[in-house]
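Need the 3D shape of this:
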Amino acid sequence: MSSENINNNSQTVQKVKKDIKKKKFVNTSGQGPNAHVPQVIAKEFNWGAFLGNWIWGLFNKTYITLLILVAALIPIVNFIAPLALAIWFGIKGNTWAWQNKRFNDIRSFNQYQRKLTTIFLVLYIISIVISLIIFISAGAAMFSLMSSPQM
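So this is what the prediction gives:
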C-alpha cells in the first residue's frame, strides 16, 4: 500500500471520527431508500458495483442492477447502455448498498465493499487473460491452416 493511500485512508478515518464527535453517529444502513447515507460513503465511486454490476447488486440487495441484463438484450444499444449503467452503478453504488443492506458500521461497510471490488477485479483480469489466450490460439491455428500446403 502506498503512503498516499495510507494518508487518504487515515484522513477518511479522521473525518468519520470528527463526524461521530460532532453528533452521535446513528447507523442507518439497511433502512431503505430514505436512510441517511454518511457523506464519507456517498461521495466515493464503487468499483465493485462498476465491475460486478448485477452480481454486486445481488450481494448488496440492490436489485436495480439487474437492469444491465435487460439492457444487454436490446439491439443497437446493447453495447453503450450496459456501459452507461455500469458507470451509474459505480456512482450510486455506495449509497444503494448502505441503504439496502445492514452493516455494523462504516468500517465494516468499507471492508465488505473492498472485498467485493477485489474479487470482481481478479475475475475481470482472469477473463481478459483467458480471452487473450483464446484469441492468440485461434489466430495461431488460422495462421497454420493458411500456411499449410493445399491438396
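
if I pick the most centrally placed residue in the chain, what's in contact with it?
The centroid of the chain falls nearest to G48 when counting by Cα atoms, centre = their mean (1.7 Å). By Cβ atoms under 8 Å, 6 or more residues apart in numbering, the contact list for G48 reads W56, G93, Q113, L116, T117, I119, F120. Where you see a C-beta, it was placed from the backbone N, CA and C, and this is true even at glycine.

do that again at 10 Å, thanks
55-56, 59-60, 89-90, 93-94, 97, 112-121 (Cβ atoms under 10 Å, 6 or more residues apart in numbering).

Over to F59?
F59 sits next to G48, A49, G52, T65, A97, K101, Y112, Q113, K115, L116, I119 when contact means Cβ under 10 Å, 6+ apart.

just to revisit the earlier point, which members of the contacts of G48 occur in strands, if any?
Per DSSP state E, strands hold no members of the contacts of G48.

which among these end up buried?
With burial judged by 16 or more other Cβ atoms under 10 Å, the buried subset of those is 55-56, 59-60, 89-90, 93-94, 97, 112-113, 116-117, 119-120.

measure W47 to V40 for me?
16 Å (Cβ to Cβ, to the nearest Å).

what's the closest non-adjacent residue to L116?
Distances taken as Cβ to Cβ, 6 or more residues apart in numbering place G48 nearest to L116, at 3.9 Å, with adjacent residues excluded.

No more questions from me, cheers.
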